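In: here are the coordinates; sequence isn't available:
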């Protein structure tokens, strides 16, 4: 493993641990089992709301606590209980959206409703055929979008790139709000004071782990605070350039089981195992 003792491995889900089809390979599952056998805790740190993660956690046989909602949620997977979450100030969020529309023109909007339901609510303009990856979800009208408490707002723009939209949204944020670029076509308006680093640090405090003991994997700009906080930062080959710029190493892509490839190597280095001639995937 990296210099010093590693006790925690933190991974993002989409674009990192999960392949593009939202699955993990038998190889990745085997490496995660070896990680557990070595006494190293795997902590999932995802932008997805906890309500969207159940099938993924079950497929991974994931146990214990997870950081969800960009760090604003702590979820007990074993008990299916959301231990903490923070709602978005709807009035402040609507004001930001209005200022942003005045600046850049029409936006395509969706929200995630507050716990415990945590439902993706999508307007027809937001939909582009990928909404079935957001679960549970329902379509609604622009007028009904703000009818319930929400945890975050998702923004899309017809002409601006994700990076340009993120920068414009940040420029128009007020106190108590922030913006992150969480994935392709996913720019999120969130409560400020939370990010993946704050969520991971809270989790590591519970586990008794310090930053030098943590290896973290990510691919998108919303992963950067977590990668900077961890003792060893790994960016995915499919990740954004600014993510790679803060990493200590670059893993193969998510579709090439990059997390498992790096962990396999680090585990073998830790126990001085001979390397296999090839890894079965």
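Out: Everything's here; your move. Only a predicted model underlies this, so the values are computations on that prediction, with no experimental measurement involved.
In: In three-state terms, label residue 93 for me.
Out: Three-state assignment for residue 93 (DSSP: H, G, I helix; E, B strand; the rest coil): helix.
In: got the contact list for it?
Out: By Cβ atoms under 8 Å, 6 or more residues apart in numbering, the contact list for residue 93 reads 150, 153, 177, 189. Where C-beta positions appear, they are placed from N, C-alpha and C, glycine not excepted.
In: Burial check on the nearest residue to residue 261 once chain neighbours are set aside, number of neighbours?
Out: Nearest non-adjacent residue to residue 261, counting by Cβ to Cβ, 6 or more residues apart in numbering: residue 252, 5.2 Å away. Residue 252 has 15 neighbours, counted by other Cβ atoms under 10 Å.
In: Would you agree residue 252 is in contact with residue 235?
Out: No. Judged on Cβ atoms under 8 Å, residue 252 makes no contact with residue 235 at a distance of 11.0 Å.
In: what residues are shared contacts of these two?
Out: Overlap between the contact sets of residue 252 and residue 235, as judged by Cβ under 8 Å, 6+ apart, is nil.
In: circling back to that earlier point, out of the contacts of residue 93, which comes closest to residue 16?
Out: Using Cβ to Cβ, residue 189 comes nearest to residue 16 of those, at 22.5 Å.
In: Paired strands for the host helix or strand of that closest one, with orientation please.
Out: According to DSSP states H and E, residue 189 maps onto strand 186-191. With DSSP bridges as the test, strand 186-191 is paired with strand 150-156 (antiparallel), strand 177-183 (antiparallel).
In: so which of those strands gets nearest residue 10?
Out: Among the strands paired with strand 186-191, the nearest to residue 10 by Cβ to Cβ is strand 177-183 (16.1 Å).
In: Contacts made by the closest one with the rest, please.
Out: Strand 177-183 is contacted from outside by 14-15, 47, 70, 88-89, 92-93, 96, 155, 162-163, 166, 169-170, 173, 187-193, 195, 220-222, 240, using Cβ under 8 Å, 6+ apart.
In: pLDDT on it, on average?
Out: The pLDDT scores in strand 177-183 average 92.
In: Same check on stretch 193-202?
Out: In this model, stretch 193-202 has a mean pLDDT of 93.
In: which residues of this protein score low on pLDDT?
Out: Filtered on pLDDT under 70, the chain yields the residue ranges 1-4, 116, 128-136, 272-281.
In: Please list all residues in contact with the closest residue to residue 49 other than its chain neighbours.
Out: Using Cβ to Cβ, 6+ apart and skipping the chain neighbours, the partner closest in space to residue 49 is residue 118 (4.1 Å). Residue 118 makes contact with 49, 50, 51, 52, 112, 151, according to Cβ under 8 Å, 6+ apart.
In: any chance you could map the strands in the protein?
Out: In order along the chain, the chain carries the following strands (DSSP state E): 8-11, 41-44, 65-68, 73-76, 81-84, 108-113, 120-122, 137-139, 150-156, 177-183, 186-191, 214-218, 232-236, 249-251.
In: Having no further points to raise, I will conclude here.
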